[in-house]
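**Q** Here is a sequence together with a model predicted from it:
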Amino acid sequence: MSKVEFKQDMPPPGGYKPIHFKRVPAKTFFGGWAIIGGYLGMTAGAAYLYYLNVKAVKARELEMRCVSLAIYPMLLAERDREFLKQLRRNRDEERELMKNVEGWKVGTWYGEPIYKTKPTDHLVDPMFFDYYVHSSYKDCSTRADIGLLS
């Protein structure tokens, strides 16, 4: 058995360097008053931009309201015009369908007026299904939104 000589581990000559255990605070760029001032400045700038945005949105809404009020009578007139044109198409289609029926008068039921209480010079609004009498069933049910077709 060989004999190994024991050697003690010792510090380096001159000793170890000192251990840093003190707290090292982070570098501060802004103080408390600077941060509060920055916050107030950003809030004031954001409030001003918000004010400008609200003003622009209100101006756009006013313009759109004015446009819709200006165009509304024309849209009503166009709707009424198309309504009358459809009534004329229905009348012409009835005349074409019933031209071979003896004694048939357009707008009556075998010569009997449908609307007896109204004077003849007044427009009588037809019922919904009378208005769409010559259209396809799918178009009529879609327009009626009654869910007859899925």
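**A** Thanks, I have it.

**Q** and after the lowest-mean-pLDDT helix or strand in the chain, which helix or strand comes next?
**A** The weakest-scoring helix or strand in the chain, judged by mean pLDDT, DSSP states H and E, is strand 112-113 (a mean of 72). Once strand 112-113 ends, the next helix or strand along the chain (criterion: DSSP states H and E) is helix 128-131.

**Q** which other helices and strands contact that next one?
**A** Under the contact criterion of 3 or more C-beta pairs under 8 Å, 6 or more residues apart in numbering; DSSP states H and E, helix 128-131 touches helix 32-97. No exception for glycine: its C-beta is placed from N, CA and C like everyone else's.

**Q** List the strands paired with whichever helix or strand comes after the helix it packs on, with their directions.
**A** Per DSSP H and E, the first helix or strand lying C-terminal to helix 32-97 is strand 108-109. Using DSSP bridges, the strands paired with strand 108-109 are strand 112-113 (antiparallel).

**Q** and the partner strand, how far from the chain's centre?
**A** 49 Å (C-alpha atoms, centre = their mean, to the nearest Å).

**Q** cool, and stretch 46-54?
**A** Between the centre of stretch 46-54 and the centre of its chain there are 24 Å (C-alpha atoms, centre = their mean).

**Q** Which parts of that stretch count as buried, going by neighbours?
**A** Using 16 or more other C-beta atoms under 10 Å as the burial criterion, none of the residues of stretch 46-54 qualify.

**Q** Show residues contacting it.
**A** For stretch 46-54, there are no surrounding residues in contact (C-beta atoms under 8 Å, 6 or more residues apart in numbering).

**Q** Output it as PDB - backbone C-alpha positions only.
**A** The C-alpha atoms that make up stretch 46-54 are tabulated as PDB, following Å, rounded to 0.1, in the frame of the first residue of the first chain:
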ATOM      1  CA  ALA A  46     -54.800  62.400 -25.000                       C
ATOM      2  CA  ALA A  47     -57.800  64.400 -23.800                       C
ATOM      3  CA  TYR A  48     -57.100  67.000 -26.500                       C
ATOM      4  CA  LEU A  49     -56.900  64.300 -29.200                       C
ATOM      5  CA  TYR A  50     -60.100  62.700 -27.800                       C
ATOM      6  CA  TYR A  51     -61.800  66.100 -28.100                       C
ATOM      7  CA  LEU A  52     -60.700  66.500 -31.700                       C
ATOM      8  CA  ASN A  53     -61.900  63.000 -32.500                       C
ATOM      9  CA  VAL A  54     -65.300  63.500 -30.900                       C
END
